[in-house]
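Colleague: Sequence and predicted model, in that order:
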Amino acid sequence: MKPFSAVISLLFAGLTIVAIPVPSRAEDAPEVKVKTIVIDPGHGGHDAGCISRDKKTYEKNLTLSISKSLRDKIKNKYPDVKVIMTRDDDRYITLSDRADVANNNSADLFISVHINAQDGGTNANGYSIHCLGQSSRKGNDLFSKNLELCKRENSVIKLEEDYSTKYQGFDPSDTRSYILFSLVQNSNLERSLQFAEDVNSGMKGGAIQRSRGVSQDPFWVLWRTTMPAVLIECGFISNPIDLAALRSEKGIDCIAGSILKAITAYKTRYDIEAKNNSNPVKNEPSSPSVSPQTGEVLYGTQVLATKKNMDDKDSFFSGYSPYCLKGERINRYFIGVSQDQSEARKINSEIRKKFPDSFFVKIEGENVTRTK
C-alpha cells in the first residue's frame with residue numbers, strides 16, 4: 001500500500017487510485033454464524049479521551065464500563081459467541097493494534113465504544129453511530145460536520161512514537177489525509193449500516209434520549225478493520241444530563257442493554273442469511289476456470305479482498321468458481337472472469353445481484369484496474 005503522503009500527492013497530480021474492498025466474511029459453522037464479536041473500549045492509559053468539565057470523569061473509564069457490561073450481556077445471552085475486548089483494563093492501545101485484534105481473530109462484528117464532547121459548550125447531547133464511508137446524502141459526507149469529531153478521535157495517533165511512519169504519512173489534523181477514505185469501496189458497508197441502524201433503534205428511549213442518527217465518517221480504526229464495524233458515541237460527557245446517565249450504573253447497564261438489542265437484531269438477520277447462503281441454488285452459473293498466460297488480459301468482477309486463503313468451494317462465492325490473485329499482504333478474488341470483455345460484463349450484471357458492492361475490473365498480470 002502506498003503511504004498516505006504519496007497517495008495524496010498522486011491525487012493532486014490528477015491520477016486515479018484504485019481501492020480494494022475489504023471482505024464480507026462467510027463462515028462454515030452450521031449453527032452460530034456470528035461467532036466472534038470484538039468490543040473496543042475507546043482510549044485508555046495515558047489517553048484519557050474526553051474529560052468532564054469538573055475533571056472527575058474520563059471517557060476512557062466510561063467506555064470500559066459500557067464495554068464490560070456489553071461483554072457480559074453477550075456472553076450471558078449467547079454463550080456460543082466468542083467476545084474479545086481490545087482492552088479490559090486501563091491501558092493504552094494504538095488504533096492500529098485495535099483493528100489488528102479484530103482482524104487477527106477473524107471477527108464477524110467490530111464495535112468501538114466512545115463518548116462525545118462539545119468544545120466550549122454544554123448544549124450538544126445525544127448518541128450517534130458511525131460507519132466508514134461516503135454518504136450519498138447531500139451535506140452528510142466525509143467532509144460534513146463530523147470531520148472535527150473524526151480529527152479528535154484519530155488524533156490519538158499522535159501519542160505514538162514515530163506515528164507518521166507507522167500510519168504511512170496519515171496526519172489526523174490535515175483534511176487532505178481524509179481524501180483517501182472516500183476512495184475506499186468497503187464491501188462491508190451495507191452490513192455496517194444495517195447494524196448501525198439496529199443500534200440507533202435499540203438505543204431509542206434509553207439512558208441517552210436524543211438520537212443524532214447514523215453517519216458515514218473517516219475513522220481510522222474502522223478503515224483498518226476487515227469486517228462489519230461501527231463506532232458508537234454513546235453520549236456527551238460535556239452535557240450535564242447525558243453525563244448524569246453515563247455516571248450511573250443504571251445508565252451504563254441501559255446503554256449496554258440497548259447495544260445488545262442491536263446485536264440480537266443483527267445476529268438474527270445475519271444468521272438466517274448465512275444459513276441460506278450455505279445452501280446455494282443448484283446450477284448456479286460459474287465463471288470459467290482460467291490460467292492466464294504472460295501478458296494476457298482478463299476481465300471479471302472483484303468480490304473480495306482478504307488475508308484469508310479462501311477455498312474455491314466456500315459458500316461465500318455462491319456457487320461461482322473464483323479466480324484468485326495472491327499477494328504478500330492480501331488475496332484478491334474475482335468471479336465471472338473471461339478473456340472476452342463482453343462476456344465478462346454480461347456475467348457481471350448477474351453477479352451484482354448477489355454481490356452489490358462488487359465491481360468490474362481489468363486484470364493484466366498482477367495489475368488490477370477498476371473499469372466502468
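Modeller: Structure's in. What do you need? All of these numbers come straight from a predicted model, not from anything done at the bench. Numbers count the residues shown, from 1 in each chain.
Colleague: Kindly state the beta-bridge partners for Ile39.
Modeller: Met85, Ile111 (DSSP bridges).
Colleague: how deep is it tucked in, by neighbour count?
Modeller: 28 (other CB atoms under 10 Å). Yep, even glycine has a C-beta here, placed from its N, CA and C like the rest.
Colleague: That one and Cys234, how far apart?
Modeller: 13 Å (CB to CB, to the nearest Å).
Colleague: Name the residues contacting each of those two.
Modeller: Common contacts of Ile39 and Cys234 (CB atoms under 8 Å, 6 or more residues apart in numbering): Val113.
Colleague: residue ranges for the strands of the stretch 51-200 of the chain, please.
Modeller: With DSSP state E, counting those that start in this stretch as the criterion, the stretch 51-200 of the chain has strands at 82-85, 109-116, 127-131.
Colleague: mind listing what's buried in stretch 212-232?
Modeller: Under the neighbour-count criterion of 16 or more other CB atoms under 10 Å, stretch 212-232 has 212, 214-232 buried.
Colleague: Quick one: end-to-end distance for that stretch.
Modeller: Counting by CA to CA, to the nearest Å, you get 11 Å between the two ends of stretch 212-232.
Colleague: gap between that stretch and the chain center?
Modeller: Stretch 212-232 has its C-alpha centroid displaced from the chain centroid by 5 Å (CA atoms, centre = their mean, to the nearest Å).
Colleague: Check stretch 245-262 too.
Modeller: Centroid separation for stretch 245-262 versus its chain: 23 Å, with CA atoms, centre = their mean.
Colleague: Same question for stretch 265-272.
Modeller: Counting by CA atoms, centre = their mean, stretch 265-272 is centred 17 Å from the centre of its parent chain.
Colleague: Pull out the buried positions in that stretch.
Modeller: Buried-residue list, stretch 265-272, by 16+ other CB under 10 Å: 265-267, 270.
Colleague: Mind listing residues that contact it?
Modeller: Here stretch 265-272 makes contact (CB under 8 Å, 6+ apart) with 32-34, 78, 81, 108-109, 191, 194-195, 198, 201-202.
Colleague: Out of these, flag the one nearest to Leu62.
Modeller: Distance to Leu62, by CB to CB, is smallest for Gly202 among the contacts of stretch 265-272, at 18.5 Å.
Colleague: you'd agree the closest one is up against Ala256?
Modeller: No - Gly202 is beyond contact range of Ala256, at 10.6 Å (criterion: CB atoms under 8 Å).
Colleague: between those two, which one's more packed in?
Modeller: Using other CB under 10 Å as the criterion, Gly202 and Ala256 rank with Ala256 on top: 24 against 21.
Colleague: Contacts only, for that one.
Modeller: 66, 69-70, 73.
Colleague: So which bits of the lengthiest strand in the chain are buried?
Modeller: The longest strand of the chain (DSSP state E) is strand 297-306. By neighbour count on 16+ other CB under 10 Å, the buried set for strand 297-306 is 298-306.
Colleague: Using TSV, lay out those residues together with distance to Lys362 and pLDDT.
Modeller: TSV is the format used below for the buried residues of strand 297-306 (distance: CB to CB, whole Å; pLDDT from 0 to 100):
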residue	distance to Lys362	pLDDT
Leu298	8	92
Tyr299	6	92
Gly300	9	91
Thr301	11	92
Gln302	11	90
Val303	16	87
Leu304	18	85
Ala305	16	79
Thr306	21	76
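Colleague: as a whole number, average confidence for whatever helix or strand Ala256 lives in?
Modeller: Under the criterion of DSSP states H and E, Ala256 resides in helix 249-277. What helix 249-277 shows for mean pLDDT is 88.
Colleague: report the angle between the axes of that helix and strand 127-131?
Modeller: Computed by axes from the mean of the first three to the mean of the last three CA atoms, to 10 degrees, the angle separating helix 249-277 from strand 127-131 equals 30 degrees.
Colleague: How far off centre is helix 249-277?
Modeller: On the basis of CA atoms, centre = their mean, helix 249-277 sits 17 Å off its chain's mean C-alpha point.
Colleague: what angle separates it from strand 109-116?
Modeller: Going by the same axes, to 10 degrees, helix 249-277 makes 150 degrees with strand 109-116.
Colleague: At the geometric centre of the chain, which residue sits there?
Modeller: The centroid of the chain falls nearest to Ala229 when counting by CA atoms, centre = their mean (3.4 Å).
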